[in-house]
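Participant: coords please:
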Amino acid sequence: FTTVKFAHQIQHFMNAGYRQITFVIGGAFGFSEEVYEKADEKLSLSSMTTTHQLIRLFFVEQLYRSFSIINNHPYHNE
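Facilitator: Got it, this is the predicted structure:
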C-alpha cells in the first residue's frame, strides 16, 4: 500500500462496520499458517528485517497519516 491507499483501506473497514481492527507485527520469518488463515488481510511494511521497536513507530506514523487523510487534512505527497 501507499499511504493514501492504506488510508482508503482503513476508511473501507470503517465504512464496512468493523468495530475493531487488530494489527499484529510478525517476526523475521512471519507467522504460522494458522495465523495467516485467521487473518482477513495481510500487510507487509517492508521486505527488509527491522526491529519491532522501529516498526511500531513506523506503523503508528502510518496510522496517523491515514487518519489525517481520512479527516481531509492536507497530505504533502499528493
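Participant: Let me see the residues that make contact with the helix or strand encompassing residue 5.
Facilitator: Per DSSP states H and E, residue 5 falls inside helix 3-15. Outside helix 3-15, the residues within contact range by Cβ atoms under 8 Å, 6 or more residues apart in numbering are 1, 21, 41, 62-63, 65-67, 69-70, 75, 77-78. (Each C-beta comes from the backbone N, C-alpha and C, glycine too.)
Participant: which other helices and strands contact the longest helix that the chain contains?
Facilitator: Longest helix in the chain by number of residues (criterion: DSSP state H): helix 52-70. With contacts defined as 3 or more Cβ pairs under 8 Å, 6 or more residues apart in numbering; DSSP states H and E, the packing partners of helix 52-70 are helix 3-15.
Participant: And the helix it packs on, what's buried?
Facilitator: Residues 3, 6, 7, 10 are the ones in helix 3-15 that count as buried (16 or more other Cβ atoms under 10 Å).
Participant: From residue 70, how far off is the first one?
Facilitator: Applying Cβ to Cβ, to the nearest Å, the value for residue 3 to residue 70 is 11 Å.
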